[in-house]
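Colleague: Any chance you can model this:
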Amino acid sequence: MKKGYKQLVDEANAEIKIYSVAEAQAKLSDANVQFIDVRDIRELEREGIVPGAYHAPRGMIEFWVDPDSPYFKPVFGEKKEFILFCAAGWRSALTTKTVQDMGLENVAHIDGGFTAWKAAGAPVTIKESKK
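Modeller: As a prediction, the model looks like this:
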């Protein structure tokens with residue numbers, strides 16, 4: 001294998017903005033900031049969610065961010081800062097690098113992801129299952 005996941009994550013982290021949980025939490029009520037949760041829906045239902053976060057699964061993010069895509073989501077056309085997170089910060093690092101490379105400006109991710117967020121006692125709400 002030429003590059004493992006650790007190298008990819010390290011390379012992404014070297015090129016993107018990273019917030020600590022405390023820095024991200026300080027932006028939670030900022031109307032100019034949108035938190036983006038890239039975890040799988042089952043993770044949201046099992047672990048909870050950051051209040052006000054928009055769910056954009058990692059497998060769809062390139063399509064949802066691109067205005068030329070038939071799957072474009074208008075939230076990504078807003079002039080806001082986007083703070084991405086996943087469970088541990090690996091997927092969100094890669095995703096942040098990807099959307100930054102695509103041209104999305106003012107993006108960052110949370111160091112340690114939702115696991116660190118929850119461990120720090122930051123706000124978490126329950127995601128209702130659609131069963």
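Colleague: what pLDDT does residue 130 get?
Modeller: Reported pLDDT at residue 130 in the predicted model: 64.
Colleague: Pull out the buried positions in the helix or strand bottoming out on mean pLDDT in the chain.
Modeller: For the chain, using mean pLDDT, DSSP states H and E, the weakest element among its helices and strands is helix 41-47, scoring a mean of 94. Counting neighbours by 16 or more other Cβ atoms under 10 Å, one finds that the buried residues in helix 41-47 are 43, 44, 45, 47. (Each C-beta comes from the backbone N, C-alpha and C, glycine too.)
Colleague: And the next helix or strand past it?
Modeller: Past helix 41-47, heading to the C-terminal end, the next element that is a helix or strand (DSSP states H and E) is strand 54-55.
Colleague: Please name every helix or strand in contact with the next helix or strand after that next one.
Modeller: Going down the chain from strand 54-55, the next helix or strand is helix 61-65, by DSSP H and E. Helix 61-65 is packed against helix 90-102, with contacts defined by 3 or more Cβ pairs under 8 Å, 6 or more residues apart in numbering; DSSP states H and E.
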